[in-house]
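1. Provided below are the primary sequence and the corresponding predicted coordinates.
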Amino acid sequence: MEKFARPGDFCPNEACADYGKLQTDQQRNLQKYGKTRKGVQRYRCKTCGKTFTETFGTIFYGKRTPEHEILETLALLAEGNRISALSRVTGHKEDTILQWSREAAQHAEQIEAVLMAEFKVKRGQLDALWTYVRNKGGKKLPRNG
């Protein structure tokens, strides 16, 4: 089974000499550097001195909503629930849920693995979700006629 690299496995700073180089037991240029107020692990690159969190580069980066809540909302969306209904039930704005779905589409492989394993979402439901996301959000032009 293929394993995805995670934040903390490499320096995400494109200007760093160690950018994108996976850590090995012999070569470790990243060190744990405390945690945020919310308890998210922070890392520091010894090569370039930049710090970043473990959620950097994921759909959870900079979010105030817990990861599980975002994933649960995406799973419910994949099951065919409407955004308006999810907005009423979860208390999140429709625009927020739509933004989560757009960001999830950019991380589709990782999101699919979690939704199928932890939320028992089926492949057909995921296909419907990505189709929905692809067709949603663009401004519709008024019809002339």
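-> In hand now; what should we look at?

2. which one is residue 15 nearest to, not counting chain neighbours?
-> The shortest distance from residue 15 to any non-neighbouring residue, by Cβ to Cβ, 6 or more residues apart in numbering, is to residue 48 (6.7 Å). (Each C-beta comes from the backbone N, C-alpha and C, glycine too.)

3. Run a quick neighbour tally on the one you found.
-> 16 (other Cβ atoms under 10 Å).

4. domains of the chain?
-> Here the domain parsing of the chain from automatic domain parsing is 1-57, 67-134.

5. Mean pLDDT lowest where, among the ones you listed?
-> When the domains of the chain are ranked by mean pLDDT, domain 1-57 comes last with a mean of 82.

6. Can you classify the spatially most central residue of the chain by secondary structure?
-> The residue lying closest to the centre of the chain (Cα atoms, centre = their mean) is residue 59, at 2.2 Å. Under DSSP: H, G, I helix; E, B strand; the rest coil, residue 59 falls in the coil class.
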